[in-house]
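**Student:** pasting the structure only:
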């Protein structure tokens, strides 16, 4: 069984910062990529940022220059540092991992339960 557990969401004023963390645990053979998606009320889930096991990153245009993503492979943990937050960043942020569980050769996508980020004065 594989679990992704997010932490670090909350309420922050515009211009502020937050750091999200997501730890993957369970019977994991290999993690190929991890990332963050978000879903605002009434909108579709969208990609925020991803990072491969080799450190290659990808960002949505709306967060480039404000958000950074990093990863601790030894801890199976991914971080999202969010700076210069705007009200439009308000959403539920979901952790995502593309990984192979132990005993399986087929990688699959796994999701966390989500953490709320609210940017408001």
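**Tutor:** Yep, that arrived. Computed from a predicted model, the values in this text were never measured in an experiment. Residues are numbered from 1 along each chain as shown.
**Student:** spatially central, which residue of this protein would that be?
**Tutor:** The centroid of the chain falls nearest to residue 36 when counting by Cα atoms, centre = their mean (2.6 Å).
**Student:** wouldn't residue 57 be in contact with residue 49 here?
**Tutor:** Yes. Using Cβ atoms under 8 Å, residue 57 is in contact with residue 49, at 6.5 Å. Using the backbone N, CA and C atoms, a C-beta is placed for each residue, glycine as well.
**Student:** those two: who's more crowded?
**Tutor:** Using other Cβ atoms under 10 Å, the more surrounded residue of residue 57 and residue 49 is residue 49, with 23 against 13.
**Student:** ok, and the closest non-adjacent residue to the residue nearest to the centre of the chain?
**Tutor:** residue 48 (4.3 Å; Cβ to Cβ, 6 or more residues apart in numbering).
**Student:** cool, and residue 59?
**Tutor:** In space, and not counting its chain neighbours, residue 59 is closest to residue 49: 4.8 Å by Cβ to Cβ, 6+ apart.
**Student:** and that neighbour, what element?
**Tutor:** Following DSSP states H and E, one finds residue 49 within strand 46-52.
**Student:** gap between that strand and the chain center?
**Tutor:** Here strand 46-52 is found 7 Å from its chain centre; the criterion is Cα atoms, centre = their mean, to the nearest Å.
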